[in-house]
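> Model the following, please.
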Amino acid sequence: MRLLPAACLLSVLSLPMATPASAEYGTQVQVFFEATSGETVRRVVKLVDPDPGSGLAFRWHPAPGNTAPLDAQGRAQGEGRVVWRLEGLSAHDPRAWHHSFEGRLQAGRLEGEGRLRWRDGREMRGHFVAGRLHGPGLTRDLHGNIIEAQFVDGQAQGDGLYRARAGWVWRGAFVDGLMQGAGQMTEAGGRQYDMQMNAGMPSSAAPSGLVAHPLIAGLRPVQGGASMADRAGISVYVDQRLSVNQWAGYMSRPDGERVFIHPANDAMIDIWEGNPSWNARMMLTDSLPEDWNDSRALVVIDLEMESGSRATLEDLSLQIEASAPHLRPMILGREHLGCTPFQPSFEFRNFGWGAVKNPRMRVRFANPDDIDFDDPSRTQDSTDWIAVPVAGFDEGSDVDLRDALSALGVEIAGLEAATFPCSVSSDLASRHSEMTQCARDAVRSGLFGELAGYVAQGWGKLLGTSALAELTYDWTDFAGNVTTETRNFEVPVSLGLVDITLSMAECGAGGAWPTEARQFHDDALSVDRMDYAIDLPLRGNRTVEFLEYGVKLHAPQSSMHLFQAQARFSDGSIRLSPTTLFYFLNPRLAQFDSALMPAQCTLTMDDTGGC
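You can find the predicted model right below:
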């Protein structure tokens, strides 16, 4: 059995211990939109690289709602994302990234909850203090082994878990990042026993009286078994060195009796769970159908014989116990901005594969400057709730807010015809105050009724409000079970235009890039099927000491799959991997055409501050 290879030690050695307290700040010039002046400005950004030996250029992306992304010294602060990139590729090319951090920064250092990842698959996640993991956290080494523990100054200390890529789990104490002392081993397949560790390596053997059967699965060969399968271990995991560079990547997580394969980034997980987060929204709205249809889970079937022995393979296959569609709706509220100044509507788009049934909705309006971007539903200052009718829908539905606005005394006909001209000087110092005064004059026009206190200038030259919608609905899963869910949405609503002459935006473009894995066999899973198999072709010499077989797994829509890898040997014996539960994400990119958008648009990109 490959119980504890040297990779256990590498799980500590392959990760940076921590950012040195004396590390120097790197600097980069970036362009920001400054809310106080309404203009794009260039600023020098300072921050400390948690991998100081890389010497790479970086880009700081403040999160929505982080209105003060730099402190007085120009150091990055607040929520956001930092990406360190390789030279020679476009700044908008996702293939250029070397490592990145998503979370909170303070004084240019990692501080608070966050996630640090490298292109080779390494990861640190949890609570950071002065650039070091400190508190509950998780590390993943470049081999895919995971430590979940309490961290002190960047190292695992005290009780925790070690999840090996091969499928086994050890629970016990850690000292200076290494497994130490008494603990419990759970092998893939569920076999459990006590095991002593010393400096990350076993100091006691597995009990000889316990025998694993090859059809029960697991990594451990059968002690004294006569068949080829008895001398074999087999496991399933994601090749994270390739997966980490994917636009839509996956990760594997051993859990003793099962291995879970699931989406690797928070945006994909939010999409799966139907959570309309900012990251989920960006991933869905910036993607094309081919981006998702080309995505794959890069899975490796790892077969190894005991003690250097060899065996002849007859065939290799995936035995799928069940494949079922994931029918949870994934609803986004999409604004109707950028066409005409007054557009009192928005639309729901469903990126999930199940219909939205029996919807009930209410809405309130808030000043866009007062929105709690971490959770818009927590926004305090707003109008009262107003019920808005909406019918059940599949791919999408319009939401007309005219009646709700009329209930607040908004002059619908007046705003449809209104113009709000604004003259500003060429002096940058006075321009902001002049623009602010123009917006105030427009709001005081008497056309906005009770909504006047909840209108602000934003999105370029537009005046608008934020609709805070609460949607409750039912959906039905593949087994016929009905679930009721409530989701909250924040959607900008355009109410008018402050007509000034001023350029508002500086833009770039990016895109999704599929990761090529030419040596992996491409295999499509079904969506609604039980008890079937996929044969995996074998090439070359079938008498092996070890074999790593790569498969690119995918399905035509979001779905769940329960399977085992099966190796059949020339003597007729069979070895099965631990059961794997695979969550594959392939959302439906809804083709919904709004009936409320005007046939002709009168606004330009300069009006909206967009790209």
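> got the contact list for residue 467?
333, 346, 363-365, 401, 489-493 (C-beta atoms under 8 Å, 6 or more residues apart in numbering). Heads up, the C-betas are built off the backbone N, CA and C, glycines and all.
> Go through those residues and flag which are in strands.
Using DSSP state E, the subset of those located in strands is 333, 346, 363-365, 489-493.
> Tell me how far stretch 32-51 lies from the chain's centre.
Relative to its chain's centre, stretch 32-51 lies at 24 Å (C-alpha atoms, centre = their mean, to the nearest Å).
> what about the residue lying farthest from the centre of the chain, distance to residue 202?
Distance from the C-alpha centroid of the chain peaks at residue 226, with 46.7 Å (C-alpha atoms, centre = their mean). Distance of residue 226 to residue 202, given as C-beta to C-beta, to the nearest Å: 27 Å.
> same check, this time on residue 565
Residue 565 is 26 Å from residue 202, by C-beta to C-beta.
> Can you name the next helix or strand after the helix or strand of the chain with the lowest mean pLDDT?
Between all helices and strands in the chain, the lowest mean by mean pLDDT, DSSP states H and E belongs to helix 7-13, at a mean of 42. Using DSSP states H and E, the helix or strand that follows helix 7-13 in sequence is strand 26-34.
> secondary structure element for residue 441?
Assessed by DSSP H and E, residue 441 sits inside helix 428-443.
> Same check on residue 66?
In the assignment (DSSP H and E), residue 66 maps to no helix and no strand.
> For it, list the residues it contacts.
Counting by C-beta under 8 Å, 6+ apart, residue 66 makes contact with 78-80.
> Tell me the one of these nearest residue 181?
residue 79 (38.6 Å; C-beta to C-beta).
> Nearest residue to the closest one in space, ignoring adjacent ones along the chain?
residue 63 (3.9 Å; C-beta to C-beta, 6 or more residues apart in numbering).
> And for that neighbour, the neighbour number?
Neighbourhood size, residue 63 [other C-beta atoms under 10 Å]: 17.
> Show the low-confidence segments of the stretch 1-150 of the chain, by residue range.
Applying pLDDT under 70 to the stretch 1-150 of the chain picks out residues 1-23, 35-38, 89-95.
> What of the chain?
Ranges of the chain meeting pLDDT under 70: 1-23, 35-38, 89-95, 188-190, 205-225, 424-432, 458-460, 500-518, 603-611.
> Start from the N-terminal end of it and give the helices.
7-13, 240-243, 266-272, 278-285, 289-293, 402-407, 412-417, 428-443, 605-608 (DSSP state H).
> domain parsing for the protein?
Per automatic domain parsing, the structural domains of the chain span 1-18+131-210, 25-112, 231-327+514-584, 331-508+599-608.
> CSV for those, including distance to residue 121?
CSV is the format used below for the domains of the chain (distance: least, C-beta to C-beta, whole Å):
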stretch, distance to residue 121
domain 1-18+131-210, 5
domain 25-112, 11
domain 231-327+514-584, 3
domain 331-508+599-608, 27
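> To residue 122, which of the ones you listed lies closest?
domain 1-18+131-210 (5.3 Å).
> and that closest one, how far out from the chain's middle?
26 Å.
> that older thread, so which of the contacts of residue 66 sit within strands?
78-80.
> Looking at these, which one is closest to residue 293?
Distances from residue 293 to the ones in strands among the contacts of residue 66, taken by C-beta to C-beta, are shortest for residue 80, at 30.8 Å.
> Leaving out chain neighbours, which residue sits closest to the closest one?
Going by C-beta to C-beta, 6+ apart, residue 80 has residue 62 as its nearest residue, at 4.2 Å.
> same check, this time on residue 282
Closest to residue 282 by C-beta to C-beta, 6+ apart is residue 267, at 7.1 Å.
> Please enumerate the strands of the stretch 351-500 of the chain.
357-366, 386-387, 396-400, 420-421, 456-458, 462-476, 482-499 (DSSP state E, counting those that start in this stretch).
> Between those, which one is closest to residue 279.
When the strands of the stretch 351-500 of the chain are compared by C-beta to C-beta, strand 482-499 sits nearest residue 279, at 14.5 Å.
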